[in-house]
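**Q** Here is my input; please provide its structure:
(chains A and B)
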Amino acid sequence: MGSLQSSPSHPDYVDLAEKTGFSLEQISILHKRFKQLSHNEDKLRREHLDQITDLQANPIREQIVEAFFDKRNFYQDIEEPVNEISFENFLEVMSNFRPPSDNLSEEQLVKVRLEKLRFLFNMHDTDKDGTITLEEYRHVVEELLSYYEALENETARGIADAAMLEVASITRGHMEPDEFYEGITFEHFLKLLEGFEIESRMNIRFMNMDTTTLCKLECGK
Amino acid sequence: MGGTQGSVLFFCLLVIISRSLANEAATHETSQSSTNATSSGSGHEAPVITTLPIVSWKWSHVSEPYLVALWILVCWLCKLVIEANHHVTNIIPESALLICFGFILGGIIWAADKQQTFKLTPTVFFFYLLPPIILDSGYHMPNKLFFSNMGAILVYAIIGTCWNAATLGLSLWGCHKGGAMGELDIGLLQYLLFGSLIAAVDPVAVLAVFEQVHVNEVLFILVFGESLLNDGVTVVLFNVFDAFVTLGGAQIDAVEIIKGIISFFVVAFGGSLLGMVFGLLMCLLTRCTKNIQIIEAGFIFVVGYLSYLTAEMLSLSAILSCVFCGVCCQKYINANMSENSVKTVKFAMKVFANGSETMIFVFLGISAIDKTIWVWNTGFILLTLLFIFIYRFIGVFLQTWVLNKFRLVPLEFIDQLIMGFGGLRGAVAYGLAVMMDETKIKEKNLMVSTTLIVVFFTVIIQGIIMKPLVKWLKVKKAKMSELTLIEKVQNRVFDHMLVAIEDISGQIGHNYMRDKWKNFEENWMMWALMKPSARKKQDHVFNVFHQLNLRDAVEYVSEGESRGSLEFIRNDSAIIDFKKKLGDDIMEAMPDVTADTSFDHGIVLPFRRDPVPSVSLEMHEQTMNGLREMEDLNSHHLLQEHLYKGRKQHRHKFSRNHLAINTDEDEVQEIFQRTMRRRLESFKSAKMGMPPPKITSKHPKKDQQKGPRSRTSGDEDFEFSEADSASGYDPSCSYRGGGGIENPAFMVDLDPVVPLQIPPWLAEAELHSGVAPSQRAQVRPPLTAGDLRRLAPLRISTRSTDSFMMADIPDAEERRDSFDLPPPPPPPSQDGRHQ
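**A** Okay, here's the model as predicted:
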């Protein structure tokens, strides 16, 4: 795993910038943040992310954190299970949220779109078997709704089931009596989110300005 | 229903319009045209009564409101005529056609009167026609979209408008100095005043055109938001320059200019703030209108209108006040009020807004047919048109260029073109122009006529070109389809994901701010402004789910109605058709419905009655009317049996306070008793291994169905209970098994555990071959109603004061104890019991 020295110098940044598409400033800001999160260590572990206070209230926290430790999101192969990640891996995950640069050809846009969707799909597919099963999907919906205690679990299940049926009817059309819909595959996932402008929505503004100092207090240090 | 709520507003509208039309009473009344009839009617002293008149002619008595009502009718009829044929409106936008109709009407009046007696006066426009439109746009504003593009909208609205005003004023002045328009008595300040009144893009015109072209939502919100907010800006600018003109050029020094700038901000932000205060007030008000639900919708209109008037009174921006009042309150109000009131507000709002929009356009047309206002100055008019057009484009490009440096998703060039082209001017400009003081501005008439020409040019010409242009440039269109449930869920995941990533990466971006705001809102705003019972319904995913459920129920009923009767609820063969039809035809069109026809059977079963009574009351009325005799008998019977009788149907009495149908305690009792009885019987029969009691019915059709069934009842019953215990009547085990889901459309019938079971669509054939249809096939009739969707679990959690929900409570509680009981026997078995 392309590990970095304890304090990456600029040549490393350039290398990373080429790989991930971030600008040098962005990388150095993100690196600062990485250090901050990992308490100046080279590797980031799950408990580091769990310490972020703002994240506590996030209903899908688990899955987000898991996405950072998911080898499918890295460029290189890492042996399972992933317990700690390097800065490079951190950047690779982050790069999924980078807005596409201005002058991309149609083809490249499609590629970006696919990558983003793949990330999303992987996030849902917790057991990594290539399909989002009803159980997995239900889990997501339950987490989303857990915010509102008023809604019972049954509701969440009902919604998940309904959504799943929608999926089944969209992707399969008419089903034969003895068919089971085992889960959403990636192809179906693409089909489902056809109208979803993910390339313009799954973006975060990575600033060239250092804001880490602002949220220092909130990071549970 | 909407009419009642808005009657106050509407009444005011009528009265005041009539005031402006007062002296026209005579023109329509030929017999009195020679006399100078005035509005008061005092001129018509009743003649000395010699004998008791049976009826008397009292035109002057009613003339004012009568004329107003008549004009409203005429304007709306114009719209009716225009919309009758979509071939024309596909090419020429409705607003343009309405103006043309105005020309015609104005021509007729002119021909009859030799003067223009009806005009759009600023009072009528700003006090009665504009507020409903503004309130409507505020109230129906897509908030998330609006606020996430707020920065851009503000830039366009404030800087863009100032830019337009300044450049136009200065350029015209320059051309004047250069001698392009001959002798005109207009100074620099007057030019700036003119520029400021005509700078603003008009929300009415923009909405009318953009609603028909369906551009993508970001583009739409930018143009629309800009047009809304810059109205406030332009009114402020107008007032400032008006004051400057009054002061005269000599007295304006730096202090005055600074004062002007300060007043600009005070007026604009003060107005917005005032609107927010009124919005919050309205939320608090709707928190406690539970007991007067019938007029709670009216509060929205009255308070919204008051926010407008109060701002006007304090000389703050009334338009901004009204917009923000609507924007602030919409979410909480919709949660607080009952569903009926929400619908009422929604529709009444649209009635008023659309109605006044129509009137505005027609009267713009009528007002133009007036010789007295027309002053022609080719240079002035053409240059104004040219500058407006050019500077709008330049302004948009410049601002977008700057904005794109900060935007996550930059605006494309094509979008900018459309934005520039969408700079339609409208009635606000005209209203302001007419408001100018002729003593101070000598060339008022020239400005008014120029404004009119600009309005007509932009609305008609640009409006017509807009649609082909959008098509030609291949502007990204709005998605027409509704969001599916999965997309809603995905949206939700997105929001949370982006926030989480921002948190992790330590960025403070939009998502971060939005999340912080949302937390604040949930913790404080909702607590303060929402009814406790309403708070829990605030989930979008849940709402979509709820909507889908409602739609399914409605669809189910209309499917039944389209088949002529409720027959299919009861009749096996009809169900088969229903299912087949669904399977074949609707599968593609409405995946939701079909997919869910038998979804979640296990859970739904106990609740299956819910959708039926709630929708069937109306059905009762409708189906009872035109049915053939036999069906009449059948459905009547069916209704008596399956639907809870409306003890008090609202059509039997008139009440101003209650519109509720059958919210009667007796009925709740009855529902409870029936369900109990049914359940007890089924329990008994299951225990004893006995078939549910069956009494032969006198309906031949039923006999036919029942025959084979009772013959094999013993077997059936065995199969029945086994099927249920195995197939997961208990919801807890129905889906635990595998990760996948069973084929929705066939789940109930082809339960894997009961391989021998006969699907209902085969049942009829099987009848003849001597094999009894399974009990489950017989259970189907009531089932289809309930299992259309998986509404069941929701019902408990979203318990509201709705009568049917109330009815469920005892039901639901009891149900929990009896989950292990077999389901109630098929309804047909009870048909006879009451006979």
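
**Q** confidence score at the residue of the stretch 1-150 of chain B found nearest chain A?
**A** Nearest residue of the stretch 1-150 of chain B to chain A: B:Ser148, at 11.0 Å (CB to the nearest CB). Backbone N, C-alpha and C define where each C-beta goes, glycine included. Listed pLDDT for B:Ser148 reads 83.

**Q** cool, B:Ile262 as well?
**A** Looking at B:Ile262, its pLDDT reads 89.

**Q** The one 3 residues further on too?
**A** Reading off the per-residue confidence, B:Phe265 sits at a pLDDT of 86.

**Q** what about B:Trp524, neighbour count?
**A** Counted with other CB atoms under 10 Å in any protein chain shown, the neighbours of B:Trp524 add up to 10.

**Q** Now the element after the helix or strand bottoming out on mean pLDDT in chain A, going C-ward?
**A** The helix or strand of chain A with the lowest confidence, counting by mean pLDDT, DSSP states H and E, is strand A:180-181 at a mean of 63. Counting by DSSP states H and E, the next helix or strand C-terminal to strand A:180-181 is strand A:184-185.

**Q** Show me what that next one is packed up against.
**A** In terms of contact count using 3 or more CB pairs under 8 Å, 6 or more residues apart in numbering or on different chains; DSSP states H and E, strand A:184-185 is assigned the packing partners strand A:131-132.

**Q** I'd say B:Phe103 and B:Gly365 touch.
**A** Yes - under the contact definition of CB atoms under 8 Å, B:Phe103 touches B:Gly365, with a separation of 4.7 Å.

**Q** More neighbours: these two, which one.
**A** Counted by other CB under 10 Å, B:Phe103 and B:Gly365 do not tie: B:Gly365 has more neighbours, with 25 against 16.

**Q** Next up, the contacts around the more buried one.
**A** B:Leu98, B:Ile99, B:Cys100, B:Phe101, B:Gly102, B:Phe103, B:Ile104, B:Leu105, B:Gly106 (CB atoms under 8 Å, 6 or more residues apart in numbering or on different chains).

**Q** ok, and the closest non-adjacent residue to the first one?
**A** Which is B:Leu98. Counting by CB to CB, 6 or more residues apart in numbering or on different chains, B:Phe361 is the residue found nearest to B:Leu98 once chain neighbours are left out, at 3.7 Å.

**Q** same deal with the last one?
**A** Distances taken as CB to CB, 6+ apart put B:Ile369 closest to B:Gly106, at 3.1 Å, once the chain neighbours are dropped.

**Q** By neighbour count, sort out the buried ones in the contacts of B:Gly365.
**A** Taking 16 or more other CB atoms under 10 Å in any protein chain shown as the criterion, what is buried in the contacts of B:Gly365 is B:Leu98, B:Ile99, B:Cys100, B:Phe101, B:Gly102, B:Phe103, B:Leu105, B:Gly106.

**Q** Just to check, the last one is in contact with B:Ile366?
**A** Yes - counting by CB under 8 Å, B:Gly106 touches B:Ile366, with 3.9 Å between them.

**Q** Domain map for the chain?
**A** I'll assume chain A. Here chain A is described, according to the TED database, as comprising the domains A:9-99+A:205-220, A:100-202.

**Q** My question was about chain B, not that one.
**A** Here the domain parsing of chain B from the TED database is B:134-336+B:376-433+B:457-473, B:482-543.

**Q** Turn the ones you listed into JSON lines, including distance to A:Leu120.
**A** Conversion of the domains of chain B to JSON lines gives the following (distance: least, CB to CB, whole Å):
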{"stretch": "domain B:134-336+B:376-433+B:457-473", "distance to A:Leu120": "18"}
{"stretch": "domain B:482-543", "distance to A:Leu120": "8"}
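
**Q** any idea which of those domains scores lowest on pLDDT?
**A** Looking at the domains of chain B, the lowest mean pLDDT belongs to domain B:482-543 (a mean of 70).

**Q** Assign a three-state SS to the nearest residue to A:Glu143 once chain neighbours are set aside, would you?
**A** Across the structure, with CB to CB, 6+ apart as the measure, the residue nearest A:Glu143 apart from its sequence neighbours is A:Pro59 (4.7 Å). A:Pro59 carries the three-state label coil when classified by DSSP: H, G, I helix; E, B strand; the rest coil.

**Q** can I assume A:Pro59 is in contact with A:Val141?
**A** No - assessed by CB under 8 Å, A:Pro59 is found out of contact with A:Val141, at 10.2 Å.

**Q** the more surrounded of the two?
**A** The neighbour comparison of A:Pro59 against A:Val141 (other CB under 10 Å) goes to A:Val141, with 26 against 18.

**Q** In which helix or strand does the residue nearest to B:Leu98 reside?
**A** Using DSSP H and E, B:Phe361 sits in helix B:339-368.

**Q** picking that back up, looking at the domains of chain A, which is nearest to B:Leu398?
**A** Using CB to CB as the measure, domain A:100-202 is the one of those that comes nearest B:Leu398, at 18.7 Å.

**Q** Could you work out the end-to-end span of the closest one for me?
**A** Using CA to CA, to the nearest Å, one end of domain A:100-202 lies 10 Å from the other.

**Q** what helices or strands is the helix or strand containing B:Val327 leaning on?
**A** With secondary structure defined by DSSP H and E, B:Val327 is part of helix B:318-336. With contacts defined as 3+ CB pairs under 8 Å, 6+ apart, the secondary structure elements packing on helix B:318-336 are helix B:130-139, helix B:143-148, helix B:217-247, helix B:254-287, helix B:293-313, helix B:339-368, helix B:526-529, helix B:532-535.

**Q** buried ones in the second one?
**A** When you say that, I think you mean helix B:143-148. Of the residues in helix B:143-148, those buried under the neighbour-count criterion (16+ other CB under 10 Å) are B:Leu145, B:Phe146, B:Phe147, B:Ser148.

**Q** contacting residues around that helix?
**A** With contacts defined as CB under 8 Å, 6+ apart, helix B:143-148 is touched by B:Ile153, B:Glu217, B:Val218, B:Ile221, B:Gly225, B:Val327, B:Gln330, B:Lys331, B:His510, B:Arg514.

**Q** Could you name the helices and strands sitting against the helix or strand following that helix?
**A** The element immediately downstream of helix B:143-148 (helix or strand, assigned by DSSP H and E) is helix B:150-154. Counting contacts by 3+ CB pairs under 8 Å, 6+ apart, helix B:150-154 packs against helix B:217-247.

**Q** And the helix it packs on, what's buried?
**A** Under 16+ other CB under 10 Å, the buried positions of helix B:217-247 are B:217-242, B:244-245.

**Q** Quick check on the residue nearest to A:Val14 when sequence neighbours are not counted: phi, psi?
**A** Setting aside the residues directly before and after it, A:Val14 is nearest to A:Leu24 in space (CB to CB, 6+ apart), at 7.1 Å. When read as degrees, to the nearest 10, the backbone of A:Leu24 gives phi -60, psi -40.

**Q** same question, B:Lys516
**A** Phi and psi for B:Lys516, reported as degrees, to the nearest 10, are phi -60, psi -40.

**Q** A:Ala57: neighbour count?
**A** Look at A:Ala57: counted by other CB under 10 Å, it has 14 neighbours.

**Q** which residues touch it?
**A** A:Ala57 sits next to B:Asn519 when contact means CB under 8 Å, 6+ apart.
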